[in-house]
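> after the sequence you'll find the predicted model.
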Amino acid sequence: MALGKTVEHETGIDIYYWNINRIDIRRNNDYVSIQVFGYINENIYRAGKSNLIERVFIVNNDNGLLDEYFNSSNMVNNIYDIGYKYLKENESFFDGAVDILEEGGTN
């Protein structure tokens, strides 16, 4: 899975394909870090080319979001699916983003 949303890079190139590269859960420190890589499109990603941008989003428990999304009950689910759900529902950067499924389809 990935997220699809067109964002213009500082070079003027449109980046559409957003893939979570890593999620670090630091329960003792009360935060989760979600590292997202941006690619021009899915074909570039699948071809193994380098990402054009990296963004890191921090989830803390100031508004109860850490407990809401990354609680022990949810940990039985795919952690990346939880990460994408959090990004779409809480980060304005991903307002209007669509799900890109592994088969190349969208939701």
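Here it is on my side, so go on.
> burial count for F57?
18 (other Cβ atoms under 10 Å). Where you see a C-beta, it was placed from the backbone N, CA and C, and this is true even at glycine.
> swap in V59?
Neighbour tally, V59, other Cβ under 10 Å: 23.
> report the buried residues of the lengthiest strand in the chain.
Longest among the strand segments of the chain by residue count, using DSSP state E, is strand 14-26. Within strand 14-26, the residues that count as buried by 16 or more other Cβ atoms under 10 Å are 15-20, 23.
> any idea of the mean pLDDT in that strand?
Strand 14-26 comes out with an average pLDDT of 96.
> residue ranges for the strands of this structure, please.
Counting by DSSP E, the chain has strands at residues 2-8, 14-26, 31-39, 53-60, 98-100.
> adding distance to G83, write the ones you listed out as a markdown table.
Shown next, in a markdown table, are the strands of the chain (distance: least, Cβ to Cβ, whole Å):
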| stretch | distance to G83 |
| --- | --- |
| strand 2-8 | 10 |
| strand 14-26 | 5 |
| strand 31-39 | 5 |
| strand 53-60 | 9 |
| strand 98-100 | 12 |
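> so for F70, which of these sits nearest?
Of all these, it is strand 31-39 that lies closest to F70, at 5.2 Å by Cβ to Cβ.
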